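In: just coords:
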């Protein structure tokens, strides 16, 4: 049987607390430096299959997010925080779709 990895969420306390209810490993951080440090540690671990990072931190560590997206495992994705979306996640999705398909099929 194939090993199934865990699910982690990195972000401010207000944004990530609800994820504890579904069994995710929650990492509350206070700034983008702590978020980047936590993301580096989790991505090196083989324990997590999916790592979600709130957009407010993900956009401030874009280079690290892009570097980790190049790897197949773990999947590193951004999600809106408690205050809503700042557009970072949707812009990344648009870029990924354009790269895969060759044209903008989402927002043409």
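Out: Right, received. Where do you want to start? It should be emphasised that the depicted structure is a prediction, and the values quoted were computed from it without experimental measurement.

In: Surely residue 17 is in a helix?
Out: Yes: assessed with DSSP: H, G, I helix; E, B strand; the rest coil, residue 17 lies in a helix.

In: what's near enough to touch it?
Out: By CB atoms under 8 Å, 6 or more residues apart in numbering, residue 17 lies in contact with 26, 28. For the C-beta atoms, the positions are set from N, CA and C on the backbone; glycine is no exception.

In: Kindly report the same for residue 57.
Out: Contacts of residue 57 by CB under 8 Å, 6+ apart are 10-12, 29, 31-32, 35-36.

In: Without its sequence neighbours, what residue ends up closest to residue 55?
Out: residue 88 (4.4 Å; CB to CB, 6 or more residues apart in numbering).

In: In CSV, list the contacts of residue 57 along with pLDDT.
Out: Putting the contacts of residue 57 into CSV (pLDDT from 0 to 100) gives the following:
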residue, pLDDT
10, 96
11, 95
12, 93
29, 96
31, 95
32, 93
35, 96
36, 96
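
In: what's the closest of these to residue 96?
Out: residue 10 (19.9 Å; CB to CB).

In: sorry, back to before: got the contact list for the residue nearest to residue 55?
Out: Contacts of residue 88 were listed using CB under 8 Å, 6+ apart, and they are 55, 58-59, 62, 78.

In: Turn those residues into TSV, columns for secondary structure and pLDDT.
Out: Listed next are the contacts of residue 88 as TSV, based on DSSP: H, G, I helix; E, B strand; the rest coil; pLDDT from 0 to 100:
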residue	secondary structure	pLDDT
55	helix	93
58	helix	93
59	helix	90
62	helix	91
78	strand	90
